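>>> pasting a predicted model and its sequence here:
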Amino acid sequence: MLFDDETGLKGNFSKFRFECGCDEAGRGCLAGPVVAAAVILPLDFVCPLLNDSKQLTEKERDTLRPIIEKEALAWAVAEVDNHEIDEINILNASILAMHRAIDQLTIRPEFIIVDGNKFKPYADIHHQTIVKGDSKYLSIAAASILAKTYRDEIMQQLHAEFPVYDWDKNKAYPTPKHRSGIRKHGTTSYHRMSYDLLGERKALAKAQVEEKKKKG
């Protein structure tokens, strides 16, 4: 199937049978890993509920995950932890996580489509980056759901270990509650130390811009 009339999502970009969709979750978080998924769907895959994970409720994502895992020809999830993120930066870490997910697929992809506009070649397989691909192609949307649900599970587990940061709700994104926890209790071994954890760098940069405007 090349187009889902109900969701508006396309089923295939390259027309290769084994086209793999890739996406990640957790780039903007202050702690925990970045998680990526790779999914190869059947050409005749139909799932009216499937959409970009950000457009779905947690319950809808949890409903879709077992459907994707059952119906996909192949799927895999991989992560890059916060220490690696600090070493190689989040862009490289996100791409590495996608490569690791592709490594685990039981079917070698003939083509790879990736959400966003940055990717590094994987072996000798051709690829295409697609801005907002998770709202355009079924396999990328499926990958976004697997990446998101698996990462949320990780953060739920870490919340049990460190409840003061509210990770069960914010999943380590830079919410006021999370940053308040950092101010009061410091950081953990899961925090990304290369990040602007308290937002101070951003605030300083904004203040400097305002100061320049005042001076002329």
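Looks like it came in fine. Residues are numbered from 1 along each chain as shown.

>>> so is the residue lying closest to residue 164 once chain neighbours are set aside in a helix, a strand, or just coil?
Once flanking residues are discounted, residue 164 sits nearest to residue 181: 4.6 Å by CB to CB, 6 or more residues apart in numbering. From N, CA and C alone the C-beta is placed, and that goes for glycine too. Look at residue 181: counting by DSSP: H, G, I helix; E, B strand; the rest coil, its state is helix.

>>> ok, residues contacting the helix or strand where residue 21 lies?
According to DSSP states H and E, residue 21 maps onto strand 19-25. Contact partners of strand 19-25, identified using CB atoms under 8 Å, 6 or more residues apart in numbering, comprise 12-13, 34-41, 53, 74, 94, 97-98, 101-102, 105, 109-115, 119, 133-134, 137-144, 147-148, 150-151.

>>> just stretch 58-77 next, same as before
Stretch 58-77 has contacts (CB under 8 Å, 6+ apart) with 18, 20, 35-42, 45, 47, 49-50, 53, 56, 101-107, 142-143, 145-150, 152.

>>> not counting sequence-adjacent ones, nearest residue to residue 166?
Nearest non-adjacent residue to residue 166, counting by CB to CB, 6+ apart: residue 177, 4.2 Å away.

>>> what sits against the one you found?
165-166, 169-170.

>>> most neighbours of all the residues you listed, which one?
When neighbours are counted by other CB atoms under 10 Å, residue 165 leads the contacts of residue 177 with 27 neighbours.

>>> give me every residue that touches the residue nearest to that one when sequence neighbours are not counted.
In space, and not counting its chain neighbours, residue 165 is closest to residue 181: 4.0 Å by CB to CB, 6+ apart. Going by CB under 8 Å, 6+ apart, residue 181 touches 164-166.

>>> which secondary structure element of this structure has the lowest mean pLDDT?
Every helix and strand in the chain was compared by mean pLDDT, DSSP states H and E; the lowest is helix 200-215, with a mean of 66.
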